[in-house]
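Participant: Build the 3D model from these lines:
(one chain, ligands or ions: 2)
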Amino acid sequence: MASNNGRSASESFKAQALVYRHMFSILDSMCLKWIIDSHIPNIIHDHGKPITLLELVLVLQIPSTKVDRIDVFMRYMTYIGYFDIVRIQDGNQEEEKEAFALTAASELLIKGTENPCISPVVEFVIDPVHSDSFNYLSKWFSDENRRLYEITLGKPLWEYLDKNPRLMGLFNDAMASDSQMIKLALKDHHMAFEGLETIVDVGGGNGTTAQIFSEKFPALKYIVFDLPQVVKNLKGCNNLSFAGGDMFESIPKADAILLKLVLHNWSDNNCIKILRNCKDAVKVSSKDKKGKIIILETVINEE
Ligand SMILES: C[S@@+](CC[C@H](N)C(=O)[O-])C[C@H]1O[C@@H](n2cnc3c(N)ncnc32)[C@H](O)[C@@H]1O
Ligand SMILES: O=c1cc(-c2ccc(O)cc2)oc2c(O)c(O)ccc12
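Facilitator: Residues are numbered from 1 along each chain as shown. Ligands and ions are numbered 1, 2, ... in the order given. Sure thing, here's the model as predicted:
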C-alpha cells in the first residue's frame with residue numbers, strides 16, 4: 001500500500017477530507033448569505049407552517065431549470081442545521097410530502113418581528129468589502145505595526161466606515177442586531193446591574209446596547225463613550241449621553257464599565273491598557289463595593 005510520510009492511505013484520505021471540508025466551508029458562509037438574501041427564513045415564517053419545495057420555488061420565482069438546484073441547496077442547509085425536513089399532509093391528498101421547517105438557527109435570521117434577528121451581522125461580516133480583508137492574514141502577520149484593515153482598506157476600519165455610508169449602515173445594523181441578543185441574557189442576570197447609578201459603555205458605538213440596557217434599567221445613567229468621529233453627530237436623551245475620546249487615553253468615571261465586543265479587537269498588551277483605564281475610571285467614582293467592569297465577549301469553551 002502506498003504511504004505518505006509514513007501514514008496509512010486511510011489516514012491520508014481522512015486528512016484530505018478535513019482539508020477539503022475547511023476549503024469548502026466558505027460555501028457554508030455563502031449559502032447562509034443566500035438564504036438571507038432570498039428571505040427564505042421570512043418566507044417560511046410567513047407561510048405559517050413547513051414549506052414544500054414547490055411552494056418555496058413558487059414564492060422565490062425560480063426558473064424551472066434551477067428547481068432541482070434549490071432542492072440540493074435546501075437539503076445542504078438542512079444538513080448544516082438551518083432547516084428540518086418534516087413530513088406533512090399535502091392538502092386533501094392522502095400522500096405525505098417533505099417540507100422544510102425553521103430551526104432555532106434560521107429563526108434568528110427572520111427579519112422584522114419583535115424577536116432578535118442576527119441577519120445584519122451575517123450581512124456585514126460576509127460583505128465582500130469586509131470579508132476580502134481575511135484573504136490577507138499572512139500579509140498582516142508580516143507587517144510589524146499595521147492592523148489588518150489598515151493594510152486592506154488603507155485606514156483603520158472606523159475611519160473607512162466614516163467615509164463609506166453603505167458599509168457604516170451595515171456595521172451599525174450588525175452591532176445593533178447583535179445587541180438585541182443581550183435582551184435574552186438580561187432576563188436572568190439583572191442582578192449584575194443592581195445598585196449601580198452610572199455606567200460607561202466603552203466603545204459603545206451608536207448607543208444601541210446602552211439603549212437596550214436603559215429600557216431595562218431606566219434609573220441608570222448611561223454614557224456611551226467612543227471615538228470622536230463615531231459619536232460626533234449623535235444626540236443623547238433623558239439618561240443617555242455620548243462622549244467622544246480615546247479609551248487608550250482615559251475613560252469617563254462611573255460606577256461600572258461595559259465592554260461589549262471591544263477587547264476582541266486588540267492584542268493582550270492593548271487589552272491590559274484598556275482594562276487599566278477602566279479600573280481607573282471605576283476606582284475613583286465607585287462608592288462602597290459598587291464598581292465593576294462588565295465584559296461581553298464570545299467565550300471559547302476549550303472542553
Ligand atoms: C466591534 S465595535 C463594538 C460596538 C458596541 N460595543 C457593540 O457591541 O455594539 C468596537 C467599537 O470600539 C470603538 N473604538 C475603537 N477604538 C476606540 C478607541 N480608541 N476609543 C474608544 N472607542 C474605540 C469603535 O469605534 C467601535 O464602535
Ligand atoms: O465583522 C465583525 C463582527 C464582529 C462580531 C459580531 C458579533 C459577535 O458576537 C462577535 C463579533 O465584530 C467585529 C469587530 O469587533 C470589528 O472590529 C470589526 C468587524 C467585526
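Participant: residue boundaries of the strands in the stretch 51-200 of the chain?
Facilitator: Applying DSSP state E, counting those that start in this stretch to the stretch 51-200 of the chain gives strands spanning 83-89, 96-102, 198-202.
Participant: so which of these gets nearest Val262?
Facilitator: strand 198-202 (6.2 Å; CB to CB). C-beta coordinates here come from the backbone N, C-alpha and C atoms, glycine included.
Participant: nearest spatial neighbour of the most centrally placed residue in the chain, skipping sequence neighbours?
Facilitator: Computing the C-alpha centroid of the chain and ranking residues by CA atoms, centre = their mean puts Val121 first, at 4.1 Å. Computed as CB to CB, 6 or more residues apart in numbering, the closest residue to Val121 that is not its neighbour in sequence is Ala174, at 4.5 Å.
Participant: circling back to that earlier point, okay if I get the strands of the stretch 51-200 of the chain as a markdown table plus mean pLDDT, distance to Asp188 and mean neighbour count?
Facilitator: What follows is the strands of the stretch 51-200 of the chain, written out as a markdown table (pLDDT from 0 to 100; distance: least, CB to CB, whole Å; neighbours: other CB atoms under 10 Å):
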| stretch | mean pLDDT | distance to Asp188 | mean neighbour count |
| --- | --- | --- | --- |
| strand 83-89 | 95 | 28 | 14 |
| strand 96-102 | 95 | 25 | 18 |
| strand 198-202 | 96 | 19 | 24 |
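Participant: re earlier: would you mind measuring from the residue nearest to Val121 to Cys237?
Facilitator: 23 Å (CB to CB, to the nearest Å).
Participant: which one of these two has more residues nearby?
Facilitator: Neighbour totals were compared for Ala174 and Cys237, and Ala174 leads with 21 against 9 (other CB atoms under 10 Å).
Participant: Could you tell me which residues make contact with the more buried one?
Facilitator: Listed by CB atoms under 8 Å, 6 or more residues apart in numbering, the contact set of Ala174 reads Pro120, Val121, Glu123, Phe124, Val125.
Participant: quick one, what contacts Ile44?
Facilitator: So Ile44 contacts Pro50, Ile51, Leu56, Phe83, Phe100, Ala101, Leu102, Ser106 (CB under 8 Å, 6+ apart).
Participant: In terms of pLDDT, where does it sit?
Facilitator: At Ile44 the predicted local distance difference test score is 98.
Participant: got a list of what Glu144 touches?
Facilitator: Glu144 touches nothing, counting by CB under 8 Å, 6+ apart.
Participant: cool, Leu53 as well?
Facilitator: Counting by CB under 8 Å, 6+ apart, Leu53 touches Val67, Ile70, Asp71, Met74, Glu98, Phe100.
Participant: contacting residues for the residue in the stretch 1-150 of the chain that ligand 2 sits nearest to?
Facilitator: Relative to ligand 2, the nearest point of the stretch 1-150 of the chain is Val125 (4.2 Å; CB to the nearest ligand atom). Neighbour list for Val125: Ser131, Ala174 [criterion: CB under 8 Å, 6+ apart].
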